[in-house]
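Asker: I need the structure of the sequence given here:
(one chain, ligands or ions: 1)
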Amino acid sequence: MYRSHNCGELTATHINTEVTLSGWVQKSRDKGFIVWVDLRDRYGITQLVFDEERTSKDLIEQAQNLGREFVIQVKGTVIERASKNSKIPTGDIEILVSELKILNESILPPFTIEDKTDGGEDIRMKYRYLDIRRNPVKNSLIFRSKVSQEVRSYLSKEGFIEVETPYLIKSTPEGARDFVVPSRMNAGEFYALPQSPQTFKQLLMVGGMDKYFQIVKCFRDEDLRADRQPEFTQIDCEMAFVDQEDILNVFEGLTRHLLKEVNGVDVEKFPRMLYDDAMRLYGNDKPDIRFGMEFGELNAVTQHKEFGVFNNAELVVGIAVPGGNSYTRKEIDKLIDWIKRPQVGALGMIYSRCNDDGSFKSSVDKFYDQDDLAKWAEVTGAKPGDLVCVLSGDKNKVRAQLSALRMELAERLGLRDPKVFAPLWVIDFPLLELDEETGHYHAMHHPFTSPKPGQIELLDSNPGEVKANAYDLVLNGNEIGGGSIRIHDKETQAIMFKHLGFSEEEAKAQFGFLMDAFQYGAPPHGGLAFGLDRLVAILGGQETIRDFIAFPKNNSGRDVMIDAPAPIDDKQLTELSLKLNLKS
Ligand code: ASP
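Answerer: Presented below is the predicted three-dimensional model:
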């Protein structure tokens, strides 16, 4: 028996008990005649004491030679500590050691295994197995496990069946590049790793499975913007004989269950916001509604003067920054620099100070009088003491820029409290999205999403206006889930493929299996997928998903611990009928 107890459970009630513990040496303090060692395992830390008066010299010597991260086993008696530590559950006791066995030695770890370590991100990723011994990482993984278990328990109770779908498949278009795997047995042919199990879960509905879920890895070969991973985990779900309302209710229930069980938070019914309203009021399809600062569109109250910048703009739009009138000129200039950075890309910012006496002072006083500025304040909801920030230009660009400013200011104002949870559904997304570069439309969600009833005719005349039965679940400014009611008949699916620029042959080659399946009595169906990594991070009150993934990849898609990706040898290449054509 390696241990009778773990290192987190012994308290004053165990005094005089004989125990056996195993774990890692966190640290030791050596006073010559007495040695204390902190023994650590997953559950906590227990203090060991080796004392000349009560134990043999030999044993003290052994204790003195223990290094950090040695794995040891001790036997001893639980005794009351002279100086207690109220910060840890085991702080009232210590173990008077009678036997010590070294189970394994450790070389000196490259960083300290402490909550606040001296190791930088790179070194911690290289030695992730040591990083996992640290409380912040360990606790994040335990937290993630709890969330996954609650997901499984809730969905199972609701009658969902967990079905695994294959990883070696054919491209599923979720809008990213595929990772591909060469087939040795079928020379010159490749599998694609699933960007999601989308087509398979739809086939499960045709197969009559009616309520499916899976906690599943998905793979997308994208340029890794901050906080994305090339392989990530979804809670993937699909249901048959449902409409949008049914789906929203079930998965609102799941989210509410998680918030309650994991965070102890009760949330009211989730608000629903039309996509068009989200864009108009927040410039963003994943609005953070923990705070206000809604957009006010100012075209109608700005375009009657000689100010060309506003007159020529498709959109003039502002937000009221609470208390922003206290910003100095220098601070405002800095804000303007921030918004002009290439990452945000605004050309400039106009502002109007709302003074406490009800007067205004703007950066365009030459063009706009007090009555005009009063209207700006009214439209943006600004109060005395606030600052109205106004951007103008191309509608889509300006909305994105002002949204970035809104989030940045809210962060600085402390309005994004990670302990507050504000979920909402964003519904009625457009079916298609115009790709500015190619001038072609592509599916905003994916090609299997159904248009709203009665809108299919609009596809020819006004494709950008067609709305989809598609919805996103948004939590604290993050999209944590998204899905749609699917097309379930061959004809509509064919029309959709045609509008997405697939020839009949291409559609057949890529998705013939799905079109075929639709001919055999496909039920009406729909579903959604949650991004588990992000969901866990938000519930855990953190911004970065990496902390909640045991073995994450870095920003270049590398696993620096196992050093992957890596070249393969010539024999393997030959077996796979592959030749490299590397550009030096
Ligand atoms: N497959 C979709 C995605 O990964 C989710 C869905 O439509 O159910 O975003």
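Asker: in the stretch 151-300 of the chain, which spans are helices?
Answerer: Using DSSP state H, counting those that start in this stretch, the helices found in the stretch 151-300 of the chain span residues 198-206, 244-263, 275-282, 299-302.
Asker: Give the buried residues for the third one.
Answerer: Of the residues in helix 275-282, those buried by neighbour count under the rule 16 or more other Cβ atoms under 10 Å are 275, 278, 279, 280, 281, 282. Where you see a C-beta, it was placed from the backbone N, CA and C, and this is true even at glycine.
Asker: can you check the last one too?
Answerer: When neighbours are counted by 16+ other Cβ under 10 Å, the buried residues of helix 299-302 are found to be 301, 302.
Asker: How far off centre is it?
Answerer: Distance, stretch centre to chain centre, for helix 299-302: 38 Å (Cα atoms, centre = their mean, to the nearest Å).
Asker: Please spell out which residues along whichever helix or strand comes after it are buried.
Answerer: Once the chain leaves helix 299-302, the next helix or strand it forms, by DSSP states H and E, is helix 308-311. Across helix 308-311, burial judged by 16+ other Cβ under 10 Å covers 309, 310.
Asker: per-residue pLDDT, the residue in the stretch 51-200 of the chain positioned nearest to the ligand?
Answerer: Going by Cβ to the nearest ligand atom, the ligand is nearest to residue 196 of the stretch 51-200 of the chain, at 3.5 Å. We have a pLDDT of 97 for residue 196.
Asker: what residues are up against it?
Answerer: 172, 174, 218, 234, 236, 529 (Cβ atoms under 8 Å, 6 or more residues apart in numbering).
Asker: do the same with residue 99
Answerer: For residue 99, the contact set (Cβ under 8 Å, 6+ apart) comprises 59, 74, 75, 76.
Asker: what number of residues lie near the last one?
Answerer: Residue 76 sits with 21 neighbouring residues when counted by other Cβ atoms under 10 Å.
Asker: Who are the contact partners of it?
Answerer: For residue 76, the contacting residues are 18, 19, 21, 48, 95, 96, 97, 98, 99, by Cβ under 8 Å, 6+ apart.
Asker: now do the third one
Answerer: For residue 75, the contact set (Cβ under 8 Å, 6+ apart) comprises 18, 19, 20, 97, 98, 99.
Asker: If we use 7 Å, what do you get?
Answerer: For residue 75, the contacting residues are 20, 98, 99, by Cβ atoms under 7 Å, 6 or more residues apart in numbering.
Asker: tell me the mean pLDDT over the helix or strand encompassing residue 474?
Answerer: Element membership for residue 474 (DSSP H and E) is strand 470-475. Strand 470-475 shows an average pLDDT of 98 in the prediction.
Asker: Work out the gap between that strand and the centre of the chain.
Answerer: Worked out by Cα atoms, centre = their mean, strand 470-475 lies 14 Å from the chain centre.
Asker: May I have the strands that pair with it, each with its orientation?
Answerer: Next to strand 470-475 in the sheet, as set by DSSP bridges, lie strand 423-427 (antiparallel), strand 478-485 (antiparallel).
Asker: Return the nearest residue of the stretch 251-400 of the chain with respect to the ligand.
Answerer: With Cβ to the nearest ligand atom, the shortest gap between the stretch 251-400 of the chain and the ligand falls at residue 251, namely 10.4 Å.
Asker: Bridged to the nearest residue to that residue once chain neighbours are set aside, which residues?
Answerer: Computed as Cβ to Cβ, 6 or more residues apart in numbering, the closest residue to residue 251 that is not its neighbour in sequence is residue 528, at 6.0 Å. Per DSSP bridges, the residues bridged to residue 528 are residue 237, residue 483.
Asker: Can you give me the buried ones in the lowest-mean-pLDDT helix or strand in the chain?
Answerer: Lowest by mean pLDDT, DSSP states H and E among the helices and strands of the chain is helix 458-461, with a mean of 87. Neighbour-count burial for helix 458-461 flags 458, 459 (criterion: 16+ other Cβ under 10 Å).
Asker: And for stretch 452-471?
Answerer: Within stretch 452-471, the residues scored as buried using 16+ other Cβ under 10 Å are 452, 455, 456, 458, 459, 466, 467, 468, 469, 470, 471.
Asker: next one: stretch 329-336
Answerer: The neighbour-count criterion (16+ other Cβ under 10 Å) identifies 332, 335, 336 as the buried residues of stretch 329-336.
Asker: Just the element for the closest residue to residue 344 other than its chain neighbours, please.
Answerer: Counting by Cβ to Cβ, 6+ apart, the nearest residue to residue 344 once its immediate chain neighbours are dropped is residue 404, at 4.9 Å. Per DSSP H and E, residue 404 falls inside helix 395-412.
Asker: near the ligand, which residues of the stretch 451-584 of the chain?
Answerer: Residues of the stretch 451-584 of the chain lying close to the ligand by Cβ under 6 Å from any ligand atom are 482, 483, 484, 527, 528, 529.
Asker: Surely the fourth one and residue 199 touch.
Answerer: Spelled out, it's residue 527. No. Look at residue 527 against residue 199 with Cβ atoms under 7 Å: they stay out of range, at 12.0 Å.
Asker: neighbour count winner among those two?
Answerer: Using other Cβ under 10 Å as the criterion, residue 527 and residue 199 rank with residue 527 on top: 25 against 22.
Asker: Now for the more buried one: which residues touch it?
Answerer: Residues in contact with residue 527 (Cβ under 7 Å, 6+ apart) are 201, 237, 238, 239, 247, 483.
Asker: Looking at the contacts of residue 99, which two lie furthest apart in space?
Answerer: 59 and 75 (10.9 Å; Cβ to Cβ).
Asker: can you count the residues close to the residue in the stretch 201-350 of the chain positioned nearest to the ligand?
Answerer: Ranked by Cβ to the nearest ligand atom, the top residue of the stretch 201-350 of the chain for proximity to the ligand is residue 234, at 6.1 Å. Per other Cβ under 10 Å, the neighbour tally for residue 234 reads 22.
Asker: hang on, isn't it packed against residue 533?
Answerer: No. Applying Cβ under 7 Å, one finds residue 234 not in contact with residue 533, separated by 9.0 Å.
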